[in-house]
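>>> sequence unknown, structure follows:
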């Protein structure tokens with residue numbers, strides 16, 4: 001079964017592929033928002049078959065009703081869009097994380113990467129963490145080679161972690177095993193925040209910009225980030241307990257105390273419990 005349909009674009013050189021899925025490593029919708037910004041006005045060149053990949057009871061299509069009349073159904077999708085930025089071909093692979101056929105999915109994506117001659121793979125994600133909203137967004141990095149990560153990025157915590165894998169991680173692992181340079185940037189989102197967190201989306205966009213060698217405007221997210229920061233500052237100031245907690249997190253950041261494996265697992269377990277997901281296993 002063919003999992004995707006491809007319309008081969010004209011590529012000037014080996015493209016950079018950025019992948020971000022709506023999944024449990026998309027805290028605050030940050031990686032999805034960054035992907036939308038990066039893919040703006042890009043032409044769709046590959047579409048994956050949702051009937052083979054999605055459980056529609058889990059990811060139900062959205063029904064639009066106007067004046068009591070059903071007018072439109074929007075189905076979950078997974079697609080690759082192409083954009084050229086300052087002479088560099090950028091491919092943005094985004095949408096809903098598949099529910100089924102992860103082995104076949106990884107094989108299909110590997111085939112797609114080979115057919116398009118992808119020169120580098122970048123995963124984007126966001127995870128809940130014990131970090132304050134009053135400081136810049138920390139970013140953790142993963143890479144198939146130590147020289148791939150750019151900018152001020154924290155390497156993953158020392159030691160071994162076992163956490164539930166996302167489809168995105170399965171793909172990054174498979175792409176790296178095929179010999180294509182692969183890396184990932186994972187923004188840390190304050191765990192006490194619910195809803196969109198545009199500051200993390202901005203930081204992920206900047207991470208990709210460094211690889212493109214050009215700045216991607218984030219104007220559409222900047223105002224949202226300022227407004228949310230003002231609301232959070234106000235809420236924090238009004239509640240003594242919350243204020244004290246945020247101040248403790250600030251002290252940790254100011255002392256450059258990186259999150260330990262125990263801290264990361266604790267926050268991930270809490271996040272998954274809130275979303276009804278699985279816990280994690282540590283060794």
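In hand now; what should we look at? If you're wondering where the values come from, they're calculated on a predicted model, not measured in any experiment. Numbers count the residues shown, from 1 in each chain.

>>> the closest residue to residue 191 other than its chain neighbours: neighbour count?
Take residue 191 and drop its neighbours on the chain: the residue closest to it by C-beta to C-beta, 6 or more residues apart in numbering is residue 128, 4.0 Å away. Any C-beta I mention is one placed from the backbone N, CA and C, and that applies to glycine too. For residue 128, the count of nearby residues is 25 (other C-beta atoms under 10 Å).

>>> tell me which element residue 128 falls in.
Assigned by DSSP states H and E, residue 128 belongs to strand 120-129.

>>> got it, and residue 142?
Element membership for residue 142 (DSSP H and E) is strand 139-143.

>>> each with direction, which strands does that strand pair with?
Strand 139-143 pairs in its sheet with strand 154-155 (parallel), strand 182-190 (antiparallel), by DSSP bridges.

>>> quick one: contacts of the first one?
Put plainly, it is strand 154-155. Around strand 154-155, the neighbours that count as contacts under C-beta atoms under 8 Å, 6 or more residues apart in numbering are 138-141, 149, 258.

>>> lowest-confidence one in these?
Note: of the contacts of strand 154-155, the lowest pLDDT belongs to residue 258, at 50.

>>> show me the shaky parts of the stretch 151-283 of the chain.
With pLDDT under 70 as the threshold, the stretch 151-283 of the chain has low-confidence stretches at 157-158, 256-283.

>>> tell me the most buried of the strands paired with strand 139-143?
strand 182-190 (a mean of 26; mean count of other C-beta atoms under 10 Å).

>>> by how many degrees do that one and strand 120-129 diverge?
Strand 182-190 and strand 120-129 are oriented at 20 degrees to each other (axes from the mean of the first three to the mean of the last three C-alpha atoms, to 10 degrees).

>>> following strand 182-190, which helix or strand comes up?
Following strand 182-190 toward the C-terminus (DSSP H and E): helix 198-212.

>>> and that next one, what's buried?
Using 16 or more other C-beta atoms under 10 Å as the test for burial, helix 198-212 gives 198-209, 211-212.

>>> format these as JSON lines; extra columns: distance to residue 77.
Below are the buried residues of helix 198-212 laid out as JSON lines (distance: C-beta to C-beta, whole Å):
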{"residue": "198", "distance to residue 77": "23"}
{"residue": "199", "distance to residue 77": "27"}
{"residue": "200", "distance to residue 77": "23"}
{"residue": "201", "distance to residue 77": "20"}
{"residue": "202", "distance to residue 77": "25"}
{"residue": "203", "distance to residue 77": "26"}
{"residue": "204", "distance to residue 77": "21"}
{"residue": "205", "distance to residue 77": "21"}
{"residue": "206", "distance to residue 77": "26"}
{"residue": "207", "distance to residue 77": "25"}
{"residue": "208", "distance to residue 77": "21"}
{"residue": "209", "distance to residue 77": "26"}
{"residue": "211", "distance to residue 77": "26"}
{"residue": "212", "distance to residue 77": "25"}
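
>>> returning to that earlier point: farthest pair in the contacts of strand 154-155?
Using C-beta to C-beta, these span at most 15.1 Å, a distance reached by 149 and 258.

>>> more crowded one of the two?
Higher neighbour count among residue 149 and residue 258: residue 149, with 21 against 14, using other C-beta under 10 Å.

>>> quick check: phi and psi on the nearest residue to residue 144 once chain neighbours are set aside?
Nearest non-adjacent residue to residue 144, counting by C-beta to C-beta, 6+ apart: residue 176, 3.8 Å away. Phi and psi for residue 176, reported as degrees, to the nearest 10, are phi -60, psi -40.

>>> and residue 176, how many neighbours?
Residue 176: 18 neighbours (other C-beta under 10 Å).

>>> before we move on, back to that, for the strand holding residue 128, name the packing helices and strands.
strand 16-22, helix 30-38, helix 167-177, strand 182-190, helix 198-212, helix 261-274 (3 or more C-beta pairs under 8 Å, 6 or more residues apart in numbering; DSSP states H and E).
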